[in-house]
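Undergrad: Below is the sequence, then the predicted model.
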Amino acid sequence: MSEAEKVAGDASLRIGVIGVGVMGSNHARVLSELPGVKLIGVADPDRKRSDLVARTLGCAAFDDAEALMHHGVDAVIIAAPTHLHRDIATACAARGIHVLVEKPIASTVEESRAIVAAARRAGVTLMVGHVERFNPAVESIKKAIKDQDILSIAITRVGPFPPRMSNVGVVIDLAVHDIDLIRWFTDSEIVEIQPQTSSAIAEREDIALLQFRTASGVLAHINTNWLTPFKARTIHIATRDKYVIGDLLTLQVTECFGFQPDGSYSMRHLSVGYAEPLRSELFAFVNAIRSGEPPAVTGEEAVASLEIAIRCLDARSARSAAPQRKGPRRVAG
């Protein structure tokens, strides 16, 4: 009997959280409320932080991932800093522990592939936390464009500089969400990239305008930055038959259709359910473990999106390293 089959027969899944910063603390909170799940404990080298979360949620606190694994868990959420993802995820897989790792899956494509390979060898479920897929507005958009001939996608994801300092810029921190959505909406790989990035106030890029073409011919554009004084999350999708506008913050989705030769058209607001995206994501993870079916966001999908994001940064670096051509000299006389 496989590990997945053993877990499927249990009354509850024993799950732990590794890393209890903002995202990890939210994971722990939601897990403590999920039916069929027992939050075993949280691990973080900041013992003051892990003790606080543990006291609040009624679970154990550990200094590191190893101690949590030794205590006994069926699955873990890895919300530690990205550069630690590979070592923690591969160690968990080697012990037969199912893994949900926060995006980005790892710091490099090589590290992310190592995680995927380790999970495959161990036969454990590996899911990646691209939580935006579980946004009710995104789900409504996905339904609206089903079987449509998509022409273009424009996504805006902007906001103020984050209070937490990060070792990545906006491409890895923000745009990777939308690279994943573009691939998911079109069910097609990105084959061309045209990135423009700039560092206005931060050491790493804090402005990015990214253009793509998918294998299916869809043109896509991502506008993201840390310079806008307010948050905005919008998606515009044009198809042969309709134009869909979604606001991921207000959860409003509007569809324009019935285009006439005189320029008139009809509009309607689409139904958008309400559910906490993180709760839906964790439900999907638990269901994938119990059923043995592929998770909603596979490791392979996350590797592909990370690879595109890194290519955007590599292209920027190549441009920066290229010698600048001098303008023509003025001719005297």
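TA: Everything's here; your move.

Undergrad: Would you mind identifying the next helix or strand past the helix or strand harbouring Ala67?
TA: Element membership of Ala67 [criterion: DSSP states H and E] is helix 65-71. In the C-terminal direction, the helix or strand that comes right after helix 65-71 (DSSP H and E) is strand 75-78.

Undergrad: what pairs with that next one, and is each one parallel or antiparallel?
TA: Note on strand 75-78: by DSSP bridges, its sheet partners are strand 13-18 (parallel), strand 98-102 (parallel).

Undergrad: separation between the most centrally placed residue in the chain and Arg14?
TA: Central residue check for the chain by CA atoms, centre = their mean: the C-alpha nearest the mean position is that of His130, 2.6 Å away. Applying CB to CB, to the nearest Å, one obtains 25 Å for the distance of His130 from Arg14. In this view, the C-beta of every residue, glycine as well, is placed from N, C-alpha and C.

Undergrad: Output the strands paired with strand 75-78 as CSV; include the columns mean neighbour count, distance to His221 and mean pLDDT.
TA: Converted to CSV, those look like this (neighbours: other CB atoms under 10 Å; distance: least, CB to CB, whole Å; pLDDT from 0 to 100):
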stretch, mean neighbour count, distance to His221, mean pLDDT
strand 13-18, 27, 35, 98
strand 98-102, 26, 26, 98
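
Undergrad: Dump the ones you listed into JSON lines; add distance to Lys146 as well.
TA: JSON lines is the format used below for the strands paired with strand 75-78 (distance: least, CB to CB, whole Å):
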{"stretch": "strand 13-18", "distance to Lys146": "32"}
{"stretch": "strand 98-102", "distance to Lys146": "27"}
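
Undergrad: and Glu293, which of the ones you listed is closest to it?
TA: Closest to Glu293 of these is strand 98-102 (CB to CB; 12.7 Å).

Undergrad: got a list of contacts for the closest one?
TA: Applying CB atoms under 8 Å, 6 or more residues apart in numbering, the set of residues contacting strand 98-102 from outside is 3-4, 7, 19, 23-24, 74-79, 85, 89, 92-93, 115, 119, 124-129, 281-282, 285, 289.

Undergrad: which SS state does Ile141 fall under?
TA: Classification of Ile141 by DSSP: H, G, I helix; E, B strand; the rest coil places it in helix.

Undergrad: ok, for it, nearest residue in space, not its chain neighbours?
TA: Gly246 (4.7 Å; CB to CB, 6 or more residues apart in numbering).

Undergrad: My guess is the one you found contacts Thr234. True?
TA: Yes: assessed by CB atoms under 8 Å, Gly246 is found in contact with Thr234 at 6.7 Å.

Undergrad: More neighbours: those two, which one.
TA: Of the pair Gly246 and Thr234, Gly246 is the one with more neighbours under other CB atoms under 10 Å, namely 25 against 18.

Undergrad: Enumerate every residue touching that one.
TA: Gly246 makes contacts with Ala137, Val138, Ser140, Ile141, Thr234, Ile235, His236, Ile237, Gln252, Val253, Thr254, as judged by CB under 8 Å, 6+ apart.

Undergrad: just checking, which of the residues you listed belong to helices?
TA: By the criterion of DSSP state H, membership of the contacts of Gly246 in helices covers Ala137, Val138, Ser140, Ile141.

Undergrad: Please identify which pair of those lies farthest apart.
TA: Going by CB to CB, the two entries of the ones in helices among the contacts of Gly246 that are most distant from one another are Val138 and Ser140, at 7.3 Å.

Undergrad: quick one: which of those two has more around it?
TA: More crowded of Val138 and Ser140, by other CB under 10 Å: Val138, with 24 against 20.

Undergrad: which of the contacts of strand 98-102 are buried?
TA: Neighbour counting by 16 or more other CB atoms under 10 Å classes 3-4, 7, 19, 23-24, 74-79, 85, 89, 92-93, 115, 119, 124-129, 281-282, 285, 289 among those as buried.

Undergrad: which residue ranges form the helices in the chain?
TA: Across the chain, reading from the start of the chain, the helices by DSSP H fall at 3-8, 22-33, 47-57, 65-71, 85-94, 109-122, 136-144, 170, 176-186, 277-291, 299-321.

Undergrad: So for Gly41, which of those sits nearest?
TA: Of the helices of the chain, the one closest to Gly41 (CB to CB) turns out to be helix 65-71, at 5.6 Å.

Undergrad: Next, count neighbours for Thr186.
TA: Thr186 sits with 20 neighbouring residues when counted by other CB under 10 Å.

Undergrad: Done for today, thanks.
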